[in-house]
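K.L.:
Generate a structure from the sequence data that follows.
(one chain, ligands or ions: 2)
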Amino acid sequence: MSDKKTPPPPALPPSFKIGDNFCLFHKGNIQGDIYTCPACKTNYCLICAKKAKLEGKLCIKCKQLILP
Ligand SMILES: [Zn+2]
Ligand SMILES: [Zn+2]
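P.N.:
Numbers count the residues shown, from 1 in each chain. Ligands and ions are numbered 1, 2, ... in the order given. A predicted model of the protein is given here:
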């Protein structure tokens, strides 16, 4: 006797997408003015970019200097 059970479809967890509106410095949605890295076109908050420049931090994606 064959009792074939159809397996339930795999429940995929809602994938967290990093969109254009995501700032990698504070790890949240960009608020206010946007700073775009000229090298890799990654968007950051302008506030975070200015803070990063003061702290000598580099673009998280391409390690270029932040130049607001
Ligand atoms: Zn960059
Ligand atoms: Zn930010």
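K.L.:
Within range of ligand 1, give me the residues from the protein.
P.N.:
Residues of the chain found near ligand 1, taking CB under 5 Å from the ion as the criterion, are 37, 39, 40, 42, 59, 61, 62, 64. C-beta: built from backbone N, CA, C; applies to glycine.
K.L.:
Can you flag the buried ones in those residues?
P.N.:
37, 42, 59 (16 or more other CB atoms under 10 Å).
K.L.:
Just the residues you listed: which are in helices?
P.N.:
Counting by DSSP state H, no part of those is found in helices.
K.L.:
Which of the residues you listed fall in strands?
P.N.:
Per DSSP state E, strands hold no members of those.
K.L.:
Is it possible to get JSON lines of those that adds pLDDT and distance to ligand 2?
P.N.:
What follows is these, written out as JSON lines (pLDDT from 0 to 100; distance: CB to the ion, whole Å):
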{"residue": "37", "pLDDT": "94", "distance to ligand 2": "13"}
{"residue": "42", "pLDDT": "94", "distance to ligand 2": "11"}
{"residue": "59", "pLDDT": "96", "distance to ligand 2": "13"}
